[in-house]
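Engineer: The sequence and its predicted three-dimensional model are supplied below.
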2 protein chains.
Amino acid sequence: MDEQGQPSAALLLIGDELLSGRTQDKNFPVIAKFLTERGIDLCEVRVVSDVENDIVAAVNALRQRYTYVLTTGGIGPTHDDITADAIAKAFGVEIIEHPQAVKSLHQLFTEIGVEPNEARMRMARVPDGAELLINEKIKAPGFRIDNVFVMAGVPHIMVLMLEVVGDLVEGGAVMLSRSVRIERGEGDLAMPLADIQSRYGDVAIGSYPFKENGVFGANIVLRGRDETMLIAALAEVEKLV
Amino acid sequence: MDEQGQPSAALLLIGDELLSGRTQDKNFPVIAKFLTERGIDLCEVRVVSDVENDIVAAVNALRQRYTYVLTTGGIGPTHDDITADAIAKAFGVEIIEHPQAVKSLHQLFTEIGVEPNEARMRMARVPDGAELLINEKIKAPGFRIDNVFVMAGVPHIMVLMLEVVGDLVEGGAVMLSRSVRIERGEGDLAMPLADIQSRYGDVAIGSYPFKENGVFGANIVLRGRDETMLIAALAEVEKLV
């Protein structure tokens, strides 16, 4: 829980290909939206490479600090998929073959007519004590251990796993937001905005400048869980238009 | 320097709007490419909200670990722009008005015909000892203190500042990369790839699966600084096509 008694979350994106700039992550905004809709505050995101110690350190830092940790990437069959092992190490538990995952993978491999070789069966390995993130649409499952949810990095598979995560996390009061577009420079808006912010502590007021066709302006975004306060702050910001 | 004696870097993206999912970051891939081209290993990225303690903790963790830390966001004129103060706090120094920044901002405000009010002049504030990231195209500067480079979050301004950063960082041997597209499932490729990887320790081999029009396959990406080794490993991977 964070300062407002709301569930909090961190996201850990795992993969060299993200850090090299070769692949652009698509999961972060999807997961951010998923959490926001459930009233879970996404407080931090980290991107780390496929290096076991780095994954272990990040998981242990984040799982102690936030209600939930979601990870993406590194749970496939190849040698560079080391997330399950790293999570087991972070929790100090053995890695095992999960019987339900073995069954589901065998079914998949029979369906698509491939051999259940050692590499493919690697995808059944989870930390001891983990619960699968699986449903009829997911054959190679993700898993959850304690407050850490481990998902695939491939976006269309991640989305399937995120649906399962949705059934396992407890949401909070949803953060409400309103935004106002003002075609005045931030330098003019800054002092009145600071004044409004000082009087509405429970509403977070952000200012995001833009320049379009030579026009300077800012989108003012108000976020809060108390609708009455939010509407009152909004009315004050609208006077600046 | 990292394990290979190469300069390393971390990126810190600052802003509530990124974590809420409202705004999608555009700076990460640009900065990843910039660093990769200079032989600087981007080892970690973090995204934190506009909360002073969170920024301070992240900056202090990252600046001790990596050769360079680059940050984006939170250096505008509004109350939610708290990055300069947080960086000063991280370094345990006072915040001052930088004379050259004051001069540059006055020039800007005269040109665009606005009053140099207190909010606008906030953009001249930097941690004591900081050097500006400025050139003739940048009027509201970023700054550098020690190994930390602080840039704007607005992408077209960030890019201008990144050019200045390019003159201040020392690159390393550039990471070379090759990729091979193989239309076979990862489960078939995993064991031969692991074997190749075990014999080419200085080449990082990553496997990134795809499914296009019903065809399963993987892009195999090889990365390394020794061209001879890279080409040798590549030749082995190409035999798997």
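Structural biologist: Yep, it's here.
Engineer: just checking, A:Thr23 touches A:Val47?
Structural biologist: No. Between A:Thr23 and A:Val47 no contact is recorded; they are 11.1 Å apart, counting by CB atoms under 8 Å. Every C-beta, even on glycine, is put in place using the N, C-alpha and C of the backbone.
Engineer: of these two, who's got more company?
Structural biologist: More crowded of A:Thr23 and A:Val47, by other CB atoms under 10 Å in any protein chain shown: A:Val47, with 27 against 19.
Engineer: Now do the SS call for that one.
Structural biologist: strand (DSSP: H, G, I helix; E, B strand; the rest coil).
Engineer: For B:Ala86, see how far away it is.
Structural biologist: As for A:Val47, its distance to B:Ala86 is 21 Å (criterion: CB to CB, to the nearest Å).
Engineer: got a list of what A:His98 touches?
Structural biologist: A:Ala124, A:Arg125, A:Val126, A:Ala130, A:Leu132, A:Pro141, A:Phe143 (CB atoms under 8 Å, 6 or more residues apart in numbering or on different chains).
Engineer: Restricted to helices, list these.
Structural biologist: Per DSSP state H, helices hold no members of the contacts of A:His98.
Engineer: I'd like to know which of the residues you listed is nearest to B:Thr71.
Structural biologist: Using CB to CB, A:Phe143 is the member of the contacts of A:His98 that lies nearest B:Thr71, at 34.0 Å.
Engineer: tell me the contacts of A:Pro192?
Structural biologist: Neighbouring residues of A:Pro192 by CB under 8 Å, 6+ apart: A:Leu240.
Engineer: Ok, the one 4 residues further on next?
Structural biologist: Taking CB under 8 Å, 6+ apart as the contact definition, A:Ile196 lies against A:Ile205, A:Ala233, A:Glu236, A:Val237.
Engineer: what do you get if the cut-off is 6 Å, keeping everything else the same?
Structural biologist: A:Glu236 (CB atoms under 6 Å, 6 or more residues apart in numbering or on different chains).
Engineer: Close to chain B: what parts of chain A are there?
Structural biologist: A:16-17, A:19-21, A:24, A:29, A:32-33, A:36, A:42, A:44-48, A:76-80, A:119-120, A:186-187, A:190-191, A:193-194, A:197, A:206-207 (CB under 6 Å from any CB of the partner chain).
Engineer: If you count neighbours, what's buried in stretch A:146-159?
Structural biologist: A:Asn147, A:Val148, A:Phe149, A:Val150, A:Met151, A:Ala152, A:Gly153, A:Val154, A:Ile157, A:Met158, A:Val159 (16 or more other CB atoms under 10 Å in any protein chain shown).
Engineer: between the residues you listed, which is nearest chain B?
Structural biologist: A:Val154 (6.3 Å; CB to the nearest CB).
Engineer: Now do the SS call for the closest residue to that closest one other than its chain neighbours.
Structural biologist: Residue nearest to A:Val154 in three dimensions, not counting chain neighbours: B:Pro209, with 6.3 Å by CB to CB, 6 or more residues apart in numbering or on different chains. Following three-state DSSP, we place B:Pro209 in the strand state.
Engineer: Show me the beta-bridge partners of B:Pro209.
Structural biologist: Note on B:Pro209: beta-bridge partners B:Ala218, judged by DSSP bridges.
Engineer: Neighbours of it, how many?
Structural biologist: Neighbours around B:Pro209, by other CB under 10 Å: 19.
Engineer: could you point out which element follows the helix or strand harbouring A:Leu105?
Structural biologist: For A:Leu105, the host element (DSSP states H and E) is helix A:99-112. Using DSSP H and E, the helix or strand that follows helix A:99-112 in sequence is helix A:118-121.
Engineer: so what secondary structure elements neighbour that following helix?
Structural biologist: Packing contacts for helix A:118-121, counted by 3 or more CB pairs under 6 Å, 6 or more residues apart in numbering or on different chains; DSSP states H and E, involve helix B:186-199.
Engineer: Repeat the analysis, applying 10 Å as the threshold.
Structural biologist: Contact analysis of helix A:118-121 by 3 or more CB pairs under 10 Å, 6 or more residues apart in numbering or on different chains; DSSP states H and E lists helix A:99-112, helix B:186-199 as its packing neighbours.
Engineer: Quick check: which of those helices is buried the most?
Structural biologist: Neighbour counts (mean count of other CB atoms under 10 Å in any protein chain shown) averaged over each of these peak at helix B:186-199, with a mean of 19.
Engineer: Report the mean confidence score over it.
Structural biologist: Average pLDDT, helix B:186-199: 95.
Engineer: What is the helix holding A:Leu105 packed up against?
Structural biologist: helix A:118-121, strand A:125-127, strand A:131-133, helix B:186-199.
Engineer: and the buried residues of stretch A:146-159, which of them are in helices?
Structural biologist: Reading helices off these with DSSP H, I get A:Ile157, A:Met158, A:Val159.
Engineer: For the first one, which non-adjacent residue is closest in space?
Structural biologist: With CB to CB, 6+ apart as the criterion, A:Ile157 has its nearest non-adjacent residue at 7.3 Å, and that residue is A:Ile138.
Engineer: circling back to that earlier point, so which of the ones in helices among the buried residues of stretch A:146-159 is the closest to A:Arg225?
Structural biologist: A:Val159 (26.9 Å).
Engineer: I'd guessed the closest one sits against A:Ala152; true?
Structural biologist: Yes. Between A:Val159 and A:Ala152 there is a contact at 9.5 Å, judged by CB atoms under 10 Å.
Engineer: Overlap in contacts, the two.
Structural biologist: Counting by CB atoms under 10 Å, 6 or more residues apart in numbering or on different chains, the shared contacts of A:Val159 and A:Ala152 are A:Asn27.
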